[in-house]
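Q: No letters, just coordinates:
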């Protein structure tokens, strides 16, 4: 028992906790200064001649500087910042990035332990993606709000009452609906599957209530995983160094073509230049289901755990070096009903080797809600097989 508790404590430090089945259906150029396309080779040659005239005794035979200009459409397509002015790109999307203000009722107690209620304001951002008034935002921006207002930017701000038609705390996405009067701007949605690290990333939102603030950076990395809440982790995040601050949540991350490629969601507190956005392709899928049903149904196994690593295997002389170590089994979950236990090591799913917790998440997500899985388990140095029937994840 002492050894088991040591393993548990060690794993808590070494692995990221997550609730399997709780992931997604599951924030350029290296420099943003673009080449001045108005400079010609003749102008450069003239400058060189003038320089030579001033230095007639200089016999430097070094090659002439090369003008970095794209010479074909394929090059332009790879570096769209050369094709469009950054200001025009931003102006094309910014009108569709709205400010979302909320009021939440909060219960408190005074010095004499008498209960009182007060309304607490909140702010975030949203992206209008449908002319009927549908807006993508983060679930944490609107969850539990008693009042929601949507404000369109501009000299003549327009304000509408919003209503949450669906939210998903697991992916941290929600849909807010307004009843527009006249035409409203919408943002074009891009294809996040085509992103590459190093591309232009532009974040638009309302940090600290400062409407339509713009920051520019690059796509720092793709496929990041971060813990969202206790027992839940989001995967496949876009990481960006475009500054994201409180109030940016739910706003747009756009590319150099003026397309929304992500929904700004999270930052690492205390860090600089590390922000995260939900890929727009994942957001599209969630949005469709939220519009249709108001919630997301996904398969659920019901464990917390992490990927085995060499340090854990050596330290505790485990019988296998690859797999997922179970740290906790959620009560009344499919795993609980199948008698899975803490310290069990899952090494195979339906006969296929399992290398990481990410693989297990992806496998669960592809399954049907009532599908049965055969898990190969190592328990107390012995290999056993356990059958588990998946169930819909509880909405709470």
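A: Perfect, thanks for sending it. In this text, all values refer to a predicted model and were calculated from it rather than measured experimentally.

Q: Show the backbone phi and psi for residue 289.
A: phi -70, psi -40 (degrees, to the nearest 10).

Q: The closest residue to it other than its chain neighbours and residue 170: what is the separation?
A: Of all residues not flanking residue 289 in the chain, residue 296 sits nearest, at 5.5 Å (C-beta to C-beta, 6 or more residues apart in numbering). (C-beta placed from N, C-alpha, C; glycine too.) Distance of residue 296 to residue 170, computed by C-beta to C-beta, to the nearest Å: 7 Å.

Q: Tell me what the closest residue to residue 163 other than its chain neighbours is bridged to.
A: Spatial nearest neighbour of residue 163, excluding adjacent residues (C-beta to C-beta, 6+ apart): residue 177 at 5.2 Å. Beta-bridge pairing for residue 177 (DSSP bridges): residue 134, residue 163.

Q: got it, and residue 219?
A: Judged by DSSP bridges, the bridge partners of residue 219 are residue 240.

Q: State the pLDDT value of it.
A: Here the pLDDT value assigned to residue 219 is 92.

Q: Quick check: the gap between it and residue 197.
A: 5 Å.

Q: So those two - more neighbours on which side?
A: For residue 219 versus residue 197, neighbours defined as other C-beta atoms under 10 Å are more numerous around residue 219 (25 against 12).

Q: check contacts around that one.
A: 28, 195-201, 238-240 (C-beta atoms under 8 Å, 6 or more residues apart in numbering).

Q: Could you rerun that using 10 Å?
A: 27-28, 192, 195-201, 238-242, 253, 255, 261-262, 277 (C-beta atoms under 10 Å, 6 or more residues apart in numbering).

Q: Out of the residues you listed, list just those in strands.
A: In strands, defined here by DSSP state E, the members of these are 200-201, 238-240, 253, 261-262, 277.

Q: Who wins on neighbours among the residues you listed?
A: Going by other C-beta under 10 Å, residue 253 tops those with 32 neighbours.

Q: Residue 198 contacts residue 220, correct?
A: Yes - with contact defined as C-beta atoms under 10 Å, residue 198 and residue 220 form a contacting pair (8.7 Å).

Q: So the two - more neighbours on which side?
A: residue 220 (19 against 13).

Q: coming back round to it: who touches both of residue 219 and residue 197?
A: 238-240.

Q: Not counting its neighbours along the chain, what's nearest residue 116?
A: Per C-beta to C-beta, 6+ apart, closest to residue 116 is residue 108, 5.5 Å.

Q: Now do the contacts for that neighbour.
A: Here residue 108 is in contact with 114-118, 120 (C-beta under 10 Å, 6+ apart).

Q: what ranges do the helices span in this structure?
A: Assigned by DSSP state H, the chain shows helices spanning 2-14, 41-54, 73-78, 86-93, 139-142, 280-293, 310-316, 334-337, 357-365.

Q: Worst mean pLDDT among those helices?
A: helix 41-54 (a mean of 36).

Q: where in the chain is pLDDT low?
A: 1-84, 227-234, 395-396 (pLDDT under 70).

Q: Give me the most central residue, it.
A: Geometric centre of the chain, nearest residue: residue 278, 2.6 Å, by C-alpha atoms, centre = their mean.

Q: wait, doesn't that one sit right on residue 138?
A: Yes - the pair residue 278 and residue 138 passes the contact test of C-beta under 10 Å, sitting 8.3 Å apart.

Q: joint contacts of those two?
A: Between them, residue 278 and residue 138 share the contacting residues 171-173, 250, 263-266, judged by C-beta under 10 Å, 6+ apart.

Q: Columns distance to residue 292 on top of the residues you listed, output as CSV?
A: As requested, the shared contacts of residue 278 and residue 138 are exported to CSV (distance: C-beta to C-beta, whole Å):
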residue, distance to residue 292
171, 16
172, 19
173, 14
250, 21
263, 19
264, 25
265, 23
266, 26
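
Q: from these, which is closest to residue 360?
A: The closest of the shared contacts of residue 278 and residue 138 to residue 360 turns out to be residue 171 (C-beta to C-beta; 17.7 Å).

Q: tell me the phi and psi of that closest one?
A: phi -90, psi -10.

Q: Any idea how many residues pack against it?
A: 27.

Q: That one touches residue 266, doesn't it?
A: No - the pair residue 171 / residue 266 is not scored as a contact, 12.0 Å apart, by C-beta under 10 Å.

Q: contacting residues around residue 154?
A: By C-beta under 10 Å, 6+ apart, the contact set of residue 154 is 94-95, 185, 211-212.

Q: again, only using 7 Å
A: Contacts for residue 154 (C-beta atoms under 7 Å, 6 or more residues apart in numbering) come out as residue 95.

Q: Tell me how far it lies from residue 358.
A: 43 Å.

Q: got the buried residues for stretch 97-104?
A: Residues 97-102 are the ones in stretch 97-104 that count as buried (16 or more other C-beta atoms under 10 Å).

Q: how far is that stretch from where the chain is centred?
A: Its chain's C-alpha centre and that of stretch 97-104 lie 20 Å apart, by C-alpha atoms, centre = their mean, to the nearest Å.

Q: hmm, who's touching it?
A: Where contact means C-beta under 7 Å, 6+ apart, the residues beyond stretch 97-104 that reach it are 119-128, 135, 137, 141-142, 144-152, 162, 176, 187, 204-206, 211-212, 250-252.

Q: got it, and stretch 327-346?
A: Counting by C-beta under 7 Å, 6+ apart, 4, 7-8, 11-12, 300-306, 308, 318, 320, 323-326, 354, 360, 375, 377-379, 386-391 sit against stretch 327-346.

Q: Write a PyMOL command that selects only the buried members of those.
A: Buried residues within the contacts of stretch 327-346, by 16+ other C-beta under 10 Å, are selected in PyMOL with:
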select buried, resi 7+11+300+301+302+303+304+305+306+308+318+323+324+325+326+354+360+375+377+378+386+388+390+391
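
Q: Show only the entries of the contacts of stretch 327-346 found in strands.
A: Those of the contacts of stretch 327-346 lying in strands (DSSP E): 300, 303-306, 324-326, 375, 377-379, 386-389, 391.
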